[in-house]
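# predicted model and sequence follow; I will ask about them next.
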Amino acid sequence: MNVALGTQPADPGRENEDFAAAGPGVAVLLDGAGVAGAETGCVHGIAWFSSTLGGLLLAGIAARPARPLADCLADSIRTVRSLHEDTCDLAYRASPTSTVVAVRVEAGALEYLVLGDSTLLLAETDGTTAAITDQRLDEVGERLRGPLDALPTGSPEHATALAEYRDALTGLRNRPGGFWIAGPDPQAADHALTGTVPLDSLASVTLLSDGATRIVDSFELADWKEALDVLNSSGPDELIRRVREAEADDPNGRRWPRGKTRDDATALHWVTS
């Protein structure tokens with residue numbers, strides 16, 4: 001198992017709300033989220049939530065290989081809830097949440113789970129690639145963000161429109177017709193994308209937060225194969241460096257409208273063959 005991990009917070013000195021880790025035959029990546037500018041209702045914060053949930057999930061999927069990944073995620077959400085439901089307002093609209101990507105090797109197959117807008121990139125031994133992303137958040141967002149994308153990122157008008165957009169988005173979280181993400185309710189795990197792939201068909205497996213996938217899905221400066229070439233030749237840090245370079249070239253979001261000028265970015269690249 002050959003794993004390389006790179007991660008950076010959106011800005012130096014800020015907490016990184018992404019979390020990624022790997023063990024023998026298992027890996028997880030989580031991208032913590034809240035409502036920008038709002039209190040979370042949680043005394044611990046978003047980074048605590050994503051790292052605590054991620055650590056519990058990694059341990060759970062490694063220790064219980066026969067238990068489905070969605071059930072392991074539901075178990076971990078319940079445990080995290082029990083750790084702070086007496087001190088935090090988990091019904092608050094901005095209570096911490098997180099995307100989840102998890103993989104486990106068992107019986108010659110790679111099991112995977114994807115919940116939220118992080119990405120699992122599978123590279124086949126025949127040279128093809130498949131990006132597995134939960135598109136529901138993007139689909140909901142496209143319906144809501146027209147006024148936001150017309151404004152310069154970082155402007156007061158953009159900040160106001162962004163707050164309104166996030167309020168509307170939060171109202172569609174973890175409900176039919178909206179999108180699903182790990183938060184206080186373990187039932188969200190039932191809505192994750194799951195599947196299996198023969199391990200011998202894979203050359204590598206990569207877990208990416210949406211801050212790292214910007215180079216492909218937002219900026220369109222590379223396709224998945226080109227991103228994979230960077231990961232294989234230079235590693236996750238170089239991929240993130242290229243994201244940061246693009247962000248710096250468009251600080252006001254004129255070329256690439258986006259909610260944040262910069263975002264936490266994480267890539268965990270696992271070469272299987």
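Yep, it's here.
# for the rest of this, base every contact and every neighbour count on C-alpha atoms.
Will do.
# now the longest strand belonging to the chain: how far from the chain's centre is it?
When the chain is parsed with DSSP state E, its longest strand is strand 97-106. Taking Cα atoms, centre = their mean, to the nearest Å, one finds the center of strand 97-106 at 10 Å from the center of the full chain.
# just the buried positions in that strand, please.
Thr97, Ser98, Thr99, Val100, Val101, Ala102, Val103, Arg104, Val105, Glu106 (16 or more other Cα atoms under 10 Å).
# can you check stretch 20-36 too?
So for stretch 20-36, counting by 16+ other Cα under 10 Å, buried means 20-22, 26-35.
# equivalent analysis for stretch 255-270, please.
Neighbour counts using 16+ other Cα under 10 Å place 256-270 of stretch 255-270 among the buried residues.
# end-to-end on it?
32 Å (Cα to Cα, to the nearest Å).
# tell me who's in contact with the nearest residue to Glu124 once chain neighbours are set aside.
The shortest distance from Glu124 to any residue other than its chain neighbours is 4.4 Å, reached at Leu202 (Cα to Cα, 6 or more residues apart in numbering). Applying Cα atoms under 8 Å, 6 or more residues apart in numbering, we find Leu202 in contact with Leu122, Ala123, Glu124, Thr125, Thr272, Ser273.
# mind listing which of the residues you listed are in strands?
Using DSSP E, the contacts of Leu202 in strands are Leu122, Ala123, Glu124.
# could you redo those residues as CSV and give each row distance to Asp71?
As requested, the ones in strands among the contacts of Leu202 are arranged in CSV below (distance: Cα to Cα, whole Å):
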residue, distance to Asp71
Leu122, 23
Ala123, 26
Glu124, 27
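# just the buried residues from those residues, in ChimeraX please.
Buried subset of the ones in strands among the contacts of Leu202, written as a ChimeraX selection, criterion 16+ other Cα under 10 Å:
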select :122,123,124
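# between the ones in strands among the contacts of Leu202, which sits nearest Leu144?
Checking the ones in strands among the contacts of Leu202 against Leu144 with Cα to Cα, the nearest one is Leu122 at 30.5 Å.
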